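Enquirer: Quick one, fold the following:
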Amino acid sequence: MEEQQIQDFVHRAVTDRVFRQELAVDPWGVLVREGYEAYPVRVLKILARLVPCLAFEQPLSLNSGWWGM
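Expert: Numbering: from 1, shown residues only. All right, here's what the predicted structure looks like:
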């Protein structure tokens, strides 16, 4: 279930330009508005780490070790 929530979020961020731009400006506001705050804390932590990468603010580092939170 958690994996699917993360996949759905990433898919939306990658395919929806407006959503991605909103994430770049106000990530937590978007997460709350879209109901993501109801997700498990573990998922929210992962989404928070992914948002800068998905908003294309910084490259994704696969060596950061946060996948196993």
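
Enquirer: Contacts only, for the residue nearest the centre of the chain.
Expert: For the chain, the residue nearest the mean C-alpha position is Leu47 (3.3 Å; CA atoms, centre = their mean). Residues in contact with Leu47 (CB atoms under 8 Å, 6 or more residues apart in numbering) are Ile6, Phe9, Leu31, Tyr36, Tyr39. In this view, the C-beta of every residue, glycine as well, is placed from N, C-alpha and C.

Enquirer: can you name the two of those that are farthest apart?
Expert: Taking CB to CB, the two most distant members of these are Ile6 and Leu31; they sit 12.7 Å apart.

Enquirer: quick one: pLDDT of Arg17?
Expert: Arg17 carries a pLDDT value of 87.

Enquirer: now the helices: where do they sit in this structure?
Expert: 2-15, 17-25, 27-33, 41-54 (DSSP state H).
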